[in-house]
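Generate coordinates for the sequence data below:
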Amino acid sequence: MSMKGQETRGFQSEVKQLLQLMIHSLYSNKEIFLRELISNASDAADKLRFRALSDAALYENNGELHVRISTDKEARTLTISDNGIGMTRDEVIDNLGTIAKSGTKSFLESIGQDQAKDSQLIGQFGVGFYSAFIVADKVTVRTRAAGESADKGVFWESEGEGDYSVADIEKADRGTEITLHLREGEDEYLDDWRLRSIISKYSDHISLPVEIETKNEEDGTVTWEKINKAQALWTRNKAEVSDEEYKEFYKHISHDFADPLSWAHNRVEGKQEYTSLLYVPSKAPWDLWNREQRHGLKLYVQRVFIMDEAEQFMPNYLRFIRGLVDSNDLPLNVSREILQDSSVTRNLRSALTKRALQMLQKLAENKPEEYQAFWKEFGLVLKEGPAEDSSNIETIAKLLRFASTHNDSDAQTVSLEDYVNRMVEGQEKIYYITADSYAAAKNSPHLELFRKKGIEVLLLSDRIDEWMMNYLTEFDGKSFQSVSKADESLDKLADEEKQAEQEETDKQLAPFVERIKTLLGDKVKDVKLTHRLTDTPAIVTTSADEMTTQMAKLFAAAGQAVPEVKYNFELNPNHPLVKQTAELTDEALFADWVNLLLDQALFAERGSLEDPNQFIRLVNQLLVQKA
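Prediction:
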């Protein structure tokens with residue numbers, strides 16, 4: 001084989017790490033390498049079909065696409081070839097020498113060798129080509145891009161160490177040919193029956209023929225036998241598709257190695273005609289929170305592959321949904337720009353969104369344990385829903401899960417339907433509290449009266465919760481109420497039988513309240529007594545029209561200017577410290593105690609103080625006086 005322009009290049013450092021994971025048994029199931037290579041060949045065929053829509057010459061007078069597998073037992077090689085789109089020299093270097101996904105390096109550094117064995121790494125990076133090194137100690141690639149001349153072929157070879165060689169060669173046919181030089185002990189992958197069983201197991205759903213070489217021992221002629229069904233799975237009647245086939249197809253389109261939790265296969269006819277196959281993954285991809293990473297469905301038009309990750313068909317809060325949509329109503333030359341402004345796209349998006357939410361509802365109702373596993377992986381993403389999708393907010397609300405005072409753990413297992421069913425007689429609202437952590441929410445002094453009354457409170461401690469609650473205003477006719485905001489419904493919860501006694505106490509302490517108002521001035525919005533506390537001397541609350549503490553923290557974390565939060569200072573008239581302070585005649589000592597009580601309340605609410613050293617000095621000073 002004549003080679004020109006040969007050079008040796010070093011792998012990108014991330015590829016070196018990846019190859020080390022491969023060689024040291026990343027997969028416990030080695031045979032998966034064949035699925036990955038066949039899947040890549042299938043993608044190459046899809047890309048050729050798409051590009052040939054605008055340039056039929058790319059077929060080079062051969063539109064019969066296929067994947068072919070052959071072995072050489074004497075040389076101990078296994079070859080997987082396709083006649084798909086192929087690669088240029090630059091594409092070979094980009095695709096086989098680097099991993100172009102942002103965040104790859106930090107992710108690789110964050111996982112240890114033990115974790116790597118169970119990692120979803122290969123599928124998540126879409127670099128299944130490197131799985132060849134699980135069974136091969138050398139891999140050779142010969143490829144030519146469709147539409148290029150025969151002398152534009154490219155040779156690539158590596159032993160999976162620190163470098164690879166690349167050169168220009170002659171290659172008559174377009175497409176890619178990958179030859180695996182098998183390691184010692186991997187001869188099972190030279191066995192015809194073994195290869196057939198792997199292809200039938202993993203690649204039956206591939207929509208182009210996967211063929212295996214057969215030789216006539218008498219005359220030496222070679223024929224190619226199709227092993228798979230070669231029919232696009234989504235075009236088949238779902239009654240004819242087994243669960244195993246659905247699972248393997250999911251792994252093919254998502255490059256995930258875990259089974260999906262659920263799926264929905266639907267064919268719609270009428271005003272719009274389309275087929276959809278949607279999956280709920282069981283594990284979140286590492287780049288779920290990477291804003292630069294595209295997430296979306298595969299788009300086919302009349303069974304012709306058009307694009308990967310078409311984000312127009314699924315809202316961002318459902319970006320974890322995997323699958324495809326095959327439309328009969330879009331043009332074959334559709335682009336992302338056309339999709340953006342298409343009424344067909346908008347209608348499909350609405351229908352597919354409802355379908356995805358129905359899948360999650362069904363999972364929550366029929367398999368609550370599996371739904372809880374889903375929530376642990378994707379709950380934070382779903383919490384973006386109320387702000388993004390007001391048309392489906394009722395359905396989304398039913399899917400939300402929370403921690404609450406009803407349970408002793410921080411697990412988010414309580415649905416809003418559960419909460420409403422447990423509401424006590426006379427309870428008007430759904431109560432919740434937001435805080436920096438579960439412990440801070442659970443131990444907040446705002447909950448004292450609710451515990452006494454046996455009223456459940458939702459404990460919200462995810463950063464997104466405060467933002468979400470601005471859009472989630474009611475459920476099942478019940479409005480939501482933050483227990484850290486001043487509200488009439490909270491005052492009504494105080495003991496009615498002690499109302500007369502409480503009114504008398506308020507009257508007696510009115511001068512005390514005015515004295516504090518004069519002292520604090522505009523440091524607080526208002527000063528008043530509260531009968532909602534049992535063990536705590538004072539709390540701060542915000543008015544209904546004021547920004548909450550957690551929302552202010554969100555603004556600050558985002559680098560935005562934060563409006564000043566003005567608090568109501570509420571004191572417990574039955575607490576010994578408050579009674580003691582009310583009796584003080586020394587104005588300086590009175591001011592110290594009032595400021596101490598206010599700082600305590602602010603610290604409990606915000607988790608920090610503007611001047612913690614001053615607070616410590618004040619505490620120490622008062623302790624010395626007390627001693």
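
following the lengthiest helix in the chain, which helix or strand comes up?
The residue-count maximum for a helix in the chain (DSSP state H) belongs to helix 343-366. Proceeding N to C from helix 343-366, the next assigned helix or strand is helix 368-382, under DSSP states H and E.

Identify each buried residue in the helix or strand following that following helix, please.
Once the chain leaves helix 368-382, the next helix or strand it forms, by DSSP H and E, is helix 385-388. Within helix 385-388, the residues that count as buried by 16 or more other Cβ atoms under 10 Å are Gly385, Pro386. Bear in mind the C-beta positions are built from the backbone N, C-alpha and C, glycine included.

Pull the residues that contact the next helix or strand after helix 385-388.
As assigned by DSSP H and E, the chain's next helix or strand after helix 385-388 is helix 393-399. Helix 393-399 has contacts (Cβ atoms under 8 Å, 6 or more residues apart in numbering) with 317, 354, 357, 360-361, 364, 382, 385-386, 389, 415-417, 471-472, 475.

residues contacting the closest residue in space to Met307 that isn't next to it in sequence?
Nearest non-adjacent residue to Met307, counting by Cβ to Cβ, 6 or more residues apart in numbering: Leu299, 5.0 Å away. By Cβ under 8 Å, 6+ apart, the contact set of Leu299 is Phe305, Ile306, Met307, Ala310, Phe313, Leu324, Val325, Ser327, Leu330, Val334, Leu339.

List just the nearest of the residues you listed to Gly426.
Distance to Gly426 across those (Cβ to Cβ) is lowest for Phe313, with 46.2 Å.

Can you get me a residue count around that closest one?
Neighbourhood size, Phe313 [other Cβ atoms under 10 Å]: 28.

pretty sure it contacts Arg349?
Yes - in terms of Cβ atoms under 8 Å, Phe313 counts as a neighbour of Arg349; the distance is 5.3 Å.

And for Lys485, the neighbour number?
Using other Cβ under 10 Å, Lys485 is surrounded by 17 other residues.

quick one, what contacts it?
If a contact means Cβ under 8 Å, 6+ apart, then Lys485 has Thr541, Thr542, Ser543, Ala544, Glu546, Thr548 as its contacts.

contacting residues around stretch 459-472?
Contacts for stretch 459-472 (Cβ under 8 Å, 6+ apart): 380, 383-384, 386-387, 390, 393, 397, 400, 402-405, 410, 432-438, 440-442, 480, 482, 548, 550-551, 554, 557.

Which of those fall in strands?
Ala403, Ser404, Tyr432, Ile433, Thr434, Phe480, Ser482 (DSSP state E).

hmm, which of those residues are the buried ones?
The neighbour-count criterion (16+ other Cβ under 10 Å) marks Ala403, Ser404, Tyr432, Ile433, Thr434, Ser482 among the ones in strands among the contacts of stretch 459-472 as buried.

you'd agree the second one is up against Leu447?
No - if you go by Cβ under 8 Å, Ser404 and Leu447 don't touch, sitting 10.7 Å apart.

what touches both of those two?
Counting by Cβ under 8 Å, 6+ apart, the shared contacts of Ser404 and Leu447 are Val457.

can you list the domains in the protein?
Segmentation of the chain into domains, based on automatic domain parsing, reads 3-229, 234-375, 401-483, 496-626.

possible to save the ones you listed as TSV with mean pLDDT and distance to Leu490?
Output for those, formatted as TSV (pLDDT from 0 to 100; distance: least, Cβ to Cβ, whole Å):
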stretch	mean pLDDT	distance to Leu490
domain 3-229	83	45
domain 234-375	89	30
domain 401-483	93	7
domain 496-626	86	6
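
As JSON lines, these with distance to Ser489 would be great.
Converted to JSON lines, the domains of the chain look like this (distance: least, Cβ to Cβ, whole Å):
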{"stretch": "domain 3-229", "distance to Ser489": "46"}
{"stretch": "domain 234-375", "distance to Ser489": "29"}
{"stretch": "domain 401-483", "distance to Ser489": "5"}
{"stretch": "domain 496-626", "distance to Ser489": "11"}
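
Derive a PyMOL selection command for the buried subset of the contacts of stretch 459-472.
Buried residues within those, by 16+ other Cβ under 10 Å, are selected in PyMOL with:
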select buried, resi 380+383+384+386+393+397+400+402+403+404+405+432+433+434+435+438+440+441+442+482+548+550+551+554
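
circling back: out of the contacts of Leu299, flag the one nearest to Ile516.
Within the contacts of Leu299, the smallest distance to Ile516 is 58.7 Å, found for Phe313 (Cβ to Cβ).

Okay, that closest one and Asp259: tell me how far apart.
23 Å (Cβ to Cβ, to the nearest Å).

what about the helices in the stretch 501-627 of the chain?
Using DSSP state H, counting those that start in this stretch, the helices of the stretch 501-627 of the chain run over 510-520, 549-557, 576-582, 587-606, 612-626.

between the ones you listed, which one is nearest to Arg174?
Comparing those against Arg174 with Cβ to Cβ, the closest turns out to be helix 549-557 (52.0 Å).

Give me the contacts around the closest one.
Applying Cβ under 8 Å, 6+ apart, the contact partners of helix 549-557 are 434-436, 463, 465-467, 470, 484, 542, 547, 561-563, 565, 605-606.

hmm, 7 Å instead?
With contact meaning Cβ atoms under 7 Å, 6 or more residues apart in numbering, helix 549-557 is reached by Thr434, Arg463, Glu466, Trp467, Val562, Val565, Glu605, Arg606.

Check stretch 404-411 too.
Applying Cβ under 7 Å, 6+ apart, the contact partners of stretch 404-411 are 403, 413-414, 419, 422, 438, 447, 450-451, 456-459.

from those, which is closest to Ser70?
Ranked by distance to Ser70 (Cβ to Cβ), those are led by Thr413 at 53.8 Å.

List phi and psi for that closest one.
Torsion angles at Thr413 (phi, psi; degrees, to the nearest 10) stand at phi -120, psi -10.

could you measure it against Asp462, distance?
Distance, Thr413 to Asp462, using Cβ to Cβ: 14 Å.

How about residues contacting stretch 518-537?
445, 448-449, 452, 490, 493-494, 502, 506, 509, 513, 516-517, 539, 543, 566-573, 575, 577-578, 591, 594, 597.

Just the C-alphas of it, formatted as CSV.
Only the C-alpha atoms of stretch 518-537 are listed here, as CSV (Å, rounded to 0.1, in the frame of the first residue of the first chain):
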residue,chain,number,x,y,z
THR,A,518,-37.5,54.4,67.9
LEU,A,519,-34.2,52.7,68.6
LEU,A,520,-33.9,50.8,65.4
GLY,A,521,-35.4,53.4,63.1
ASP,A,522,-35.0,52.4,59.4
LYS,A,523,-32.9,49.3,60.2
VAL,A,524,-36.1,47.4,60.0
LYS,A,525,-39.4,47.8,58.2
ASP,A,526,-41.6,47.2,61.2
VAL,A,527,-41.5,45.9,64.8
LYS,A,528,-44.3,43.8,66.2
LEU,A,529,-45.1,41.0,68.6
THR,A,530,-45.8,37.5,67.4
HIS,A,531,-47.5,34.5,69.1
ARG,A,532,-46.2,32.0,66.5
LEU,A,533,-43.0,31.3,68.5
THR,A,534,-42.4,28.9,71.3
ASP,A,535,-38.7,28.5,72.0
THR,A,536,-37.2,31.4,70.0
PRO,A,537,-37.1,35.0,71.3
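
and the angle from the longest helix of the chain to helix 368-382?
Between helix 343-366 and helix 368-382, the angle comes out at 140 degrees (axes from the mean of the first three to the mean of the last three Cα atoms, to 10 degrees).

Counting by contacts, list what helix 343-366 packs against.
strand 262-268, strand 274-280, strand 322-327, helix 368-382, helix 393-399 (3 or more Cβ pairs under 7 Å, 6 or more residues apart in numbering; DSSP states H and E).

In its sheet, which strands sit next to the first one, and in what direction?
The pairing partners recorded for strand 262-268 under DSSP bridges are strand 274-280 (antiparallel).

Give the next helix or strand downstream of the partner strand.
Once the chain leaves strand 274-280, the next helix or strand it forms, by DSSP H and E, is strand 297-301.

Verify the contact between Ser131 and Arg35 for me.
No - applying Cβ atoms under 7 Å, one finds Ser131 not in contact with Arg35, separated by 8.7 Å.
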